[in-house]
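Undergrad: Let me see the structure of the following:
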Amino acid sequence: MNIYSTVPKVPSKEFDAATDAYPVKFTPLPLKRIWGGHQLKEWFSVRDDQPIGEYWLVSSHPVGVSVVQNGALRGKSLPELTELFPEAYLGRSPQKRFPLLIKMIEAQDDLSVQVHPNDDYAKRTENDYGKTEAWYIVDPGPGAEIIYGHRFKDRDHFLQSVQAKSIQPFLERKKIERDQLVYVPAGTVHAILKGTMLLEIQQTSDVTYRVYDWDRLDQNGTRRELHIRQAADVIDYRSGEREPLCRITPISRRDGVSHDHLLSCPFFTVERIKMENNSRFTCSLGRAGNPDVLVILEGEGCIDYGQGRPAVAVQRGDAVLVPGTLPTYGILAWTHLKIVRTYYSLIEWRG
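TA: Now for the predicted structure:
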(Lines give C-alpha, C1' and ligand atoms only; values in the text may rest on other atoms or scores of the structure.)
Protein backbone atom coordinates (compact mmCIF):
# COMPACT_ATOMS: atom_id res chain seq x y z
CA MET A 1 0.00 0.00 0.00
CA ASN A 2 1.26 3.52 -0.80
CA ILE A 3 1.08 5.34 2.55
CA TYR A 4 0.82 8.66 0.72
CA SER A 5 -2.03 7.65 -1.62
CA THR A 6 -4.65 9.47 0.45
CA VAL A 7 -2.81 12.81 0.53
CA PRO A 8 -5.22 15.52 -0.71
CA LYS A 9 -4.21 17.50 -3.77
CA VAL A 10 -3.79 21.28 -3.56
CA PRO A 11 -5.31 23.25 -6.44
CA SER A 12 -2.56 24.64 -8.67
CA LYS A 13 -3.88 28.20 -8.24
CA GLU A 14 -3.28 27.95 -4.47
CA PHE A 15 0.48 27.32 -4.68
CA ASP A 16 2.72 27.28 -7.73
CA ALA A 17 5.82 25.27 -6.79
CA ALA A 18 7.75 26.61 -9.79
CA THR A 19 7.51 30.19 -8.55
CA ASP A 20 6.32 30.00 -4.94
CA ALA A 21 8.49 27.24 -3.41
CA TYR A 22 10.46 28.53 -0.43
CA PRO A 23 12.71 27.21 2.38
CA VAL A 24 10.45 25.43 4.86
CA LYS A 25 11.15 24.87 8.55
CA PHE A 26 9.76 21.89 10.46
CA THR A 27 8.43 21.51 13.98
CA PRO A 28 10.80 19.21 15.94
CA LEU A 29 9.29 15.93 17.14
CA PRO A 30 10.59 14.99 20.65
CA LEU A 31 10.73 11.28 21.47
CA LYS A 32 11.13 9.86 24.97
CA ARG A 33 13.91 7.32 25.43
CA ILE A 34 15.12 5.33 28.45
CA TRP A 35 18.61 6.78 27.90
CA GLY A 36 17.48 10.34 27.10
CA GLY A 37 18.26 13.60 28.86
CA HIS A 38 17.13 17.16 29.53
CA GLN A 39 19.74 19.58 28.11
CA LEU A 40 18.38 19.80 24.57
CA LYS A 41 14.91 20.71 25.84
CA GLU A 42 16.08 24.34 25.97
CA TRP A 43 16.91 24.23 22.24
CA PHE A 44 13.39 23.16 21.33
CA SER A 45 11.31 24.77 24.13
CA VAL A 46 10.16 21.37 25.39
CA ARG A 47 8.48 21.19 28.79
CA ASP A 48 8.33 17.56 29.89
CA ASP A 49 9.66 15.84 33.01
CA GLN A 50 10.47 12.65 31.11
CA PRO A 51 13.90 12.22 29.49
CA ILE A 52 13.94 13.05 25.78
CA GLY A 53 16.46 11.11 23.74
CA GLU A 54 15.68 12.12 20.16
CA TYR A 55 14.30 15.18 18.38
CA TRP A 56 13.32 14.25 14.84
CA LEU A 57 13.98 17.39 12.79
CA VAL A 58 13.32 16.16 9.25
CA SER A 59 11.39 12.94 8.71
CA SER A 60 9.09 11.35 6.20
CA HIS A 61 9.06 8.00 8.00
CA PRO A 62 5.61 6.83 9.21
CA VAL A 63 6.96 6.43 12.77
CA GLY A 64 7.30 10.22 12.99
CA VAL A 65 6.42 12.70 10.25
CA SER A 66 7.68 16.30 10.07
CA VAL A 67 5.21 19.18 9.71
CA VAL A 68 5.95 22.62 8.22
CA GLN A 69 5.86 25.51 10.69
CA ASN A 70 6.32 28.56 8.43
CA GLY A 71 4.82 30.22 5.38
CA ALA A 72 2.05 29.29 2.95
CA LEU A 73 2.62 25.54 3.45
CA ARG A 74 2.38 25.69 7.24
CA GLY A 75 0.67 22.60 8.67
CA LYS A 76 1.52 20.34 5.74
CA SER A 77 3.55 17.22 6.37
CA LEU A 78 6.78 16.35 4.59
CA PRO A 79 5.05 13.44 2.78
CA GLU A 80 2.43 15.91 1.53
CA LEU A 81 5.12 18.28 0.27
CA THR A 82 6.96 15.59 -1.65
CA GLU A 83 3.72 14.19 -3.08
CA LEU A 84 2.30 17.53 -4.15
CA PHE A 85 5.49 19.32 -5.20
CA PRO A 86 8.09 16.63 -5.96
CA GLU A 87 10.27 18.81 -8.18
CA ALA A 88 10.77 21.35 -5.38
CA TYR A 89 10.90 19.21 -2.24
CA LEU A 90 11.94 15.73 -3.39
CA GLY A 91 13.99 16.03 -6.58
CA ARG A 92 15.61 12.84 -7.86
CA SER A 93 15.39 10.69 -4.78
CA PRO A 94 16.66 7.15 -4.05
CA GLN A 95 13.38 6.53 -2.20
CA LYS A 96 9.80 7.40 -3.17
CA ARG A 97 9.61 9.27 0.13
CA PHE A 98 12.09 11.88 1.35
CA PRO A 99 15.23 9.73 1.74
CA LEU A 100 16.94 11.42 4.71
CA LEU A 101 15.96 11.30 8.38
CA ILE A 102 17.70 13.93 10.50
CA LYS A 103 17.59 14.09 14.27
CA MET A 104 19.29 15.48 17.36
CA ILE A 105 20.30 12.91 19.97
CA GLU A 106 21.03 13.46 23.66
CA ALA A 107 22.41 10.49 25.58
CA GLN A 108 22.19 10.89 29.35
CA ASP A 109 22.98 7.18 29.51
CA ASP A 110 24.62 4.69 27.16
CA LEU A 111 22.58 3.66 24.14
CA SER A 112 22.34 -0.02 23.31
CA VAL A 113 25.08 -1.60 21.22
CA GLN A 114 23.49 -2.04 17.81
CA VAL A 115 23.96 -2.58 14.11
CA HIS A 116 21.92 -1.63 11.05
CA PRO A 117 21.30 -3.60 7.83
CA ASN A 118 22.05 -2.49 4.30
CA ASP A 119 19.33 -1.88 1.72
CA ASP A 120 19.34 -5.42 0.31
CA TYR A 121 18.82 -7.09 3.67
CA ALA A 122 16.29 -4.53 4.95
CA LYS A 123 14.15 -4.66 1.81
CA ARG A 124 14.18 -8.46 1.85
CA THR A 125 13.37 -8.95 5.54
CA GLU A 126 11.86 -5.69 6.90
CA ASN A 127 10.11 -4.11 3.91
CA ASP A 128 12.13 -0.97 4.64
CA TYR A 129 15.43 0.58 3.65
CA GLY A 130 18.78 0.01 5.28
CA LYS A 131 20.41 2.53 7.55
CA THR A 132 23.75 4.15 6.92
CA GLU A 133 24.24 7.19 9.12
CA ALA A 134 26.65 9.93 10.17
CA TRP A 135 27.01 11.79 13.48
CA TYR A 136 28.08 15.41 13.84
CA ILE A 137 29.43 15.67 17.39
CA VAL A 138 27.89 18.65 19.20
CA ASP A 139 29.22 17.63 22.63
CA PRO A 140 31.40 14.52 23.07
CA GLY A 141 30.56 14.16 26.76
CA PRO A 142 33.00 13.53 29.63
CA GLY A 143 34.25 10.24 28.21
CA ALA A 144 34.62 11.57 24.64
CA GLU A 145 34.27 8.09 23.19
CA ILE A 146 31.86 5.77 21.40
CA ILE A 147 31.54 2.07 20.69
CA TYR A 148 32.66 1.71 17.07
CA GLY A 149 33.63 -1.62 15.55
CA HIS A 150 34.43 -4.99 17.08
CA ARG A 151 36.91 -7.83 17.32
CA PHE A 152 34.62 -10.75 16.46
CA LYS A 153 36.44 -13.04 14.04
CA ASP A 154 33.30 -14.22 12.26
CA ARG A 155 29.62 -15.01 12.74
CA ASP A 156 30.31 -18.11 14.85
CA HIS A 157 32.62 -16.17 17.15
CA PHE A 158 29.95 -13.49 17.60
CA LEU A 159 27.25 -16.05 18.45
CA GLN A 160 29.57 -17.88 20.85
CA SER A 161 30.29 -14.58 22.63
CA VAL A 162 26.57 -13.88 22.98
CA GLN A 163 25.97 -17.36 24.36
CA ALA A 164 28.83 -16.95 26.85
CA LYS A 165 27.62 -13.43 27.81
CA SER A 166 31.04 -12.03 26.93
CA ILE A 167 30.14 -9.35 24.36
CA GLN A 168 31.85 -6.38 26.02
CA PRO A 169 35.51 -7.50 25.67
CA PHE A 170 35.12 -7.61 21.89
CA LEU A 171 33.68 -4.11 21.46
CA GLU A 172 36.00 -1.37 20.18
CA ARG A 173 35.99 2.01 21.92
CA LYS A 174 37.10 5.00 19.85
CA LYS A 175 37.76 8.62 20.82
CA ILE A 176 35.55 11.38 19.38
CA GLU A 177 35.96 15.15 19.20
CA ARG A 178 33.62 18.13 19.20
CA ASP A 179 32.72 19.39 15.69
CA GLN A 180 33.90 16.18 14.02
CA LEU A 181 31.79 13.88 11.85
CA VAL A 182 31.59 10.13 12.49
CA TYR A 183 30.64 7.90 9.54
CA VAL A 184 28.60 4.80 10.50
CA PRO A 185 27.92 2.65 7.40
CA ALA A 186 25.45 -0.22 7.59
CA GLY A 187 27.02 -3.27 9.23
CA THR A 188 29.04 -1.26 11.78
CA VAL A 189 28.65 -2.32 15.43
CA HIS A 190 28.21 0.93 17.37
CA ALA A 191 26.81 2.73 20.39
CA ILE A 192 26.53 6.36 21.45
CA LEU A 193 27.78 6.62 25.03
CA LYS A 194 26.74 8.58 28.10
CA GLY A 195 26.98 12.37 27.91
CA THR A 196 27.14 12.66 24.10
CA MET A 197 24.99 15.10 22.11
CA LEU A 198 25.03 14.88 18.34
CA LEU A 199 23.24 15.55 15.08
CA GLU A 200 22.43 12.33 13.22
CA ILE A 201 21.96 12.17 9.46
CA GLN A 202 20.71 8.83 8.15
CA GLN A 203 18.77 7.08 5.44
CA THR A 204 15.04 7.17 6.04
CA SER A 205 14.66 3.91 7.93
CA ASP A 206 13.77 2.79 11.44
CA VAL A 207 15.47 -0.62 11.36
CA THR A 208 17.82 -1.21 14.30
CA TYR A 209 19.14 -4.52 15.63
CA ARG A 210 20.18 -4.48 19.28
CA VAL A 211 23.24 -6.55 20.09
CA TYR A 212 23.66 -5.70 23.78
CA ASP A 213 21.79 -3.40 26.20
CA TRP A 214 24.11 -3.30 29.24
CA ASP A 215 21.78 -5.72 31.12
CA ARG A 216 19.53 -2.81 32.13
CA LEU A 217 15.81 -2.91 32.82
CA ASP A 218 13.17 -0.59 31.40
CA GLN A 219 10.52 1.26 33.42
CA ASN A 220 8.51 -1.97 33.62
CA GLY A 221 11.42 -3.97 35.07
CA THR A 222 12.03 -5.95 31.89
CA ARG A 223 14.94 -6.12 29.49
CA ARG A 224 14.51 -4.67 26.02
CA GLU A 225 14.43 -7.06 23.09
CA LEU A 226 17.69 -8.06 21.43
CA HIS A 227 17.97 -9.07 17.77
CA ILE A 228 20.86 -11.51 17.78
CA ARG A 229 20.02 -13.54 14.67
CA GLN A 230 19.49 -10.46 12.52
CA ALA A 231 22.61 -8.78 13.92
CA ALA A 232 24.67 -11.88 13.15
CA ASP A 233 23.42 -11.69 9.57
CA VAL A 234 24.32 -8.03 8.95
CA ILE A 235 27.49 -7.34 10.99
CA ASP A 236 30.45 -6.44 8.80
CA TYR A 237 33.08 -8.82 10.17
CA ARG A 238 35.82 -6.95 8.28
CA SER A 239 35.19 -3.56 9.91
CA GLY A 240 37.42 -3.81 12.97
CA GLU A 241 40.14 -1.46 11.70
CA ARG A 242 37.89 1.35 10.40
CA GLU A 243 38.45 4.77 12.00
CA PRO A 244 35.30 6.74 12.83
CA LEU A 245 36.29 10.39 12.32
CA CYS A 246 35.94 11.90 8.86
CA ARG A 247 38.60 14.17 7.42
CA ILE A 248 37.61 17.85 7.24
CA THR A 249 38.49 19.31 3.83
CA PRO A 250 38.17 23.08 3.20
CA ILE A 251 36.01 24.09 0.23
CA SER A 252 36.31 27.86 0.59
CA ARG A 253 37.45 30.57 3.01
CA ARG A 254 36.38 34.16 2.35
CA ASP A 255 34.72 37.21 3.90
CA GLY A 256 34.16 35.68 7.33
CA VAL A 257 32.76 32.40 5.97
CA SER A 258 34.37 28.95 6.11
CA HIS A 259 32.82 26.14 4.07
CA ASP A 260 34.08 22.58 4.69
CA HIS A 261 33.43 19.17 3.19
CA LEU A 262 32.99 16.46 5.84
CA LEU A 263 31.71 13.35 4.04
CA SER A 264 30.48 11.96 0.74
CA CYS A 265 29.02 8.46 0.85
CA PRO A 266 26.62 6.62 -1.49
CA PHE A 267 23.59 8.06 0.32
CA PHE A 268 24.40 11.66 1.26
CA THR A 269 27.00 14.40 1.40
CA VAL A 270 27.64 16.40 4.57
CA GLU A 271 29.21 19.86 4.74
CA ARG A 272 29.70 22.52 7.42
CA ILE A 273 29.29 26.29 7.06
CA LYS A 274 30.64 28.64 9.75
CA MET A 275 29.90 32.35 9.50
CA GLU A 276 31.02 35.37 11.47
CA ASN A 277 28.62 38.12 12.59
CA ASN A 278 27.07 40.10 9.71
CA SER A 279 28.61 37.92 7.00
CA ARG A 280 26.80 36.62 3.93
CA PHE A 281 27.19 33.39 1.98
CA THR A 282 25.61 32.73 -1.42
CA CYS A 283 25.05 29.00 -2.09
CA SER A 284 24.30 26.92 -5.09
CA LEU A 285 22.41 23.74 -4.31
CA GLY A 286 24.66 20.88 -3.28
CA ARG A 287 23.21 18.76 -6.08
CA ALA A 288 21.38 20.62 -8.84
CA GLY A 289 17.70 19.68 -8.86
CA ASN A 290 17.76 18.16 -5.36
CA PRO A 291 16.90 20.01 -2.14
CA ASP A 292 19.40 21.00 0.54
CA VAL A 293 18.82 20.47 4.26
CA LEU A 294 20.32 23.04 6.62
CA VAL A 295 20.50 22.42 10.38
CA ILE A 296 21.41 25.42 12.52
CA LEU A 297 23.67 24.37 15.40
CA GLU A 298 24.68 27.83 16.62
CA GLY A 299 23.52 31.39 16.18
CA GLU A 300 20.82 33.31 14.35
CA GLY A 301 20.37 34.56 10.82
CA CYS A 302 18.12 34.27 7.81
CA ILE A 303 17.86 32.61 4.41
CA ASP A 304 17.31 34.93 1.44
CA TYR A 305 15.88 33.08 -1.56
CA GLY A 306 14.88 35.66 -4.12
CA GLN A 307 14.46 39.33 -4.88
CA GLY A 308 11.31 40.73 -3.33
CA ARG A 309 10.50 37.63 -1.29
CA PRO A 310 10.69 37.67 2.52
CA ALA A 311 13.74 36.04 4.07
CA VAL A 312 13.25 33.05 6.38
CA ALA A 313 14.62 33.68 9.89
CA VAL A 314 16.59 30.80 11.44
CA GLN A 315 18.08 30.06 14.85
CA ARG A 316 19.73 27.24 16.78
CA GLY A 317 17.80 23.98 16.41
CA ASP A 318 16.03 24.88 13.17
CA ALA A 319 16.03 22.42 10.28
CA VAL A 320 15.34 23.97 6.88
CA LEU A 321 14.49 22.23 3.62
CA VAL A 322 15.64 24.40 0.72
CA PRO A 323 13.72 23.52 -2.48
CA GLY A 324 15.59 21.98 -5.37
CA THR A 325 13.99 24.50 -7.75
CA LEU A 326 16.07 27.39 -6.38
CA PRO A 327 19.23 27.99 -8.44
CA THR A 328 20.90 29.84 -5.56
CA TYR A 329 20.08 31.14 -2.09
CA GLY A 330 21.81 33.37 0.44
CA ILE A 331 22.53 32.91 4.13
CA LEU A 332 22.90 36.02 6.28
CA ALA A 333 24.48 35.71 9.73
CA TRP A 334 23.03 38.04 12.35
CA THR A 335 25.34 36.42 14.91
CA HIS A 336 28.01 33.73 14.62
CA LEU A 337 26.39 30.85 12.70
CA LYS A 338 27.29 27.18 12.53
CA ILE A 339 25.31 25.16 9.98
CA VAL A 340 25.45 21.54 8.84
CA ARG A 341 24.31 21.15 5.23
CA THR A 342 23.41 17.81 3.72
CA TYR A 343 21.99 16.59 0.44
CA TYR A 344 21.55 13.30 -1.37
CA SER A 345 22.81 12.18 -4.74
CA LEU A 346 22.32 8.42 -5.20
CA ILE A 347 19.69 7.97 -7.89
CA GLU A 348 17.57 4.80 -7.98
CA TRP A 349 14.01 6.09 -8.31
CA ARG A 350 13.08 8.73 -10.91
CA GLY A 351 9.39 9.14 -10.19
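
Undergrad: going forward, measure contacts and count neighbours with C-alpha atoms only.
TA: Fine.

Undergrad: ranges for the strands of the stretch 1-150 of the chain?
TA: With DSSP state E, counting those that start in this stretch, the ranges of strands along the stretch 1-150 of the chain come out as 24-25, 29-37, 52-58, 60-61, 64-65, 100-106, 113-115, 133-139, 145-150.

Undergrad: gap between the first one and the chain center?
TA: Shown here is strand 24-25, whose average C-alpha point lies 16 Å from the average C-alpha point of the whole chain (C-alpha atoms, centre = their mean, to the nearest Å).

Undergrad: Equivalent analysis for the third one, please.
TA: For strand 52-58, the gap between its own C-alpha mean and the chain's C-alpha mean amounts to 9 Å (C-alpha atoms, centre = their mean).

Undergrad: Any chance you could list what contacts that strand?
TA: With C-alpha atoms under 8 Å, 6 or more residues apart in numbering as the test, strand 52-58 has contacts from 26-38, 41, 64-66, 100-107, 318-319.

Undergrad: repeat that for 6 Å
TA: Surrounding strand 52-58, the residues in contact under the criterion C-alpha atoms under 6 Å, 6 or more residues apart in numbering are 28-33, 36-37, 66, 101-106, 319.

Undergrad: cool, and stretch 313-329?
TA: Contacts of stretch 313-329 (C-alpha under 6 Å, 6+ apart): 23-25, 43, 57, 88-89, 282-284, 289-302, 304-305.

Undergrad: now stretch 101-110
TA: The contact list for stretch 101-110 (C-alpha under 6 Å, 6+ apart) reads 35-37, 53-59, 193-204.

Undergrad: ok, which stretches of this structure are helices?
TA: Taking DSSP state H as the criterion, the chain contains helices spanning 17-20, 41-44, 78-84, 86-89, 119-125, 155-163, 228-234.

Undergrad: I'd like the average pLDDT over the fifth one.
TA: Think helix 119-125. Average pLDDT, helix 119-125: 96.

Undergrad: buried stuff in that helix?
TA: Using 16 or more other C-alpha atoms under 10 Å as the test for burial, helix 119-125 gives 119, 121-122.

Undergrad: Same list (those residues) but as a markdown table, adding distance to Asp16.
TA: A markdown table is the format used below for the buried residues of helix 119-125 (distance: C-alpha to C-alpha, whole Å):
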| residue | distance to Asp16 |
| --- | --- |
| Asp119 | 35 |
| Tyr121 | 40 |
| Ala122 | 37 |
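
Undergrad: Low-confidence ranges, the stretch 251-351 of the chain, go.
TA: 346-351 (pLDDT under 70).

Undergrad: what about 80?
TA: Along the stretch 251-351 of the chain, segments meeting pLDDT under 80 span 307-308, 345-351.

Undergrad: For Val65, give me its contacts.
TA: Applying C-alpha under 6 Å, 6+ apart to Val65 gives the contacts Ser59.

Undergrad: when you give positions from now on, start the count at 26
TA: Right, with 26 as the first residue, what we last looked at is Val90.

Undergrad: Relative to Leu54, how far out is it?
TA: Remark: distance between Val90 and Leu54 (C-alpha to C-alpha, to the nearest Å) = 8 Å.

Undergrad: Repeat that for Leu206.
TA: Look at Leu206 and Leu54: by C-alpha to C-alpha, they are 23 Å apart.

Undergrad: Give the bridge partners for Ile77, please.
TA: Using DSSP bridges, the beta-bridge partners of Ile77 come out as Lys57.

Undergrad: Then Asp329?
TA: Taking DSSP bridges as the rule, Asp329 bridges to Gly355.
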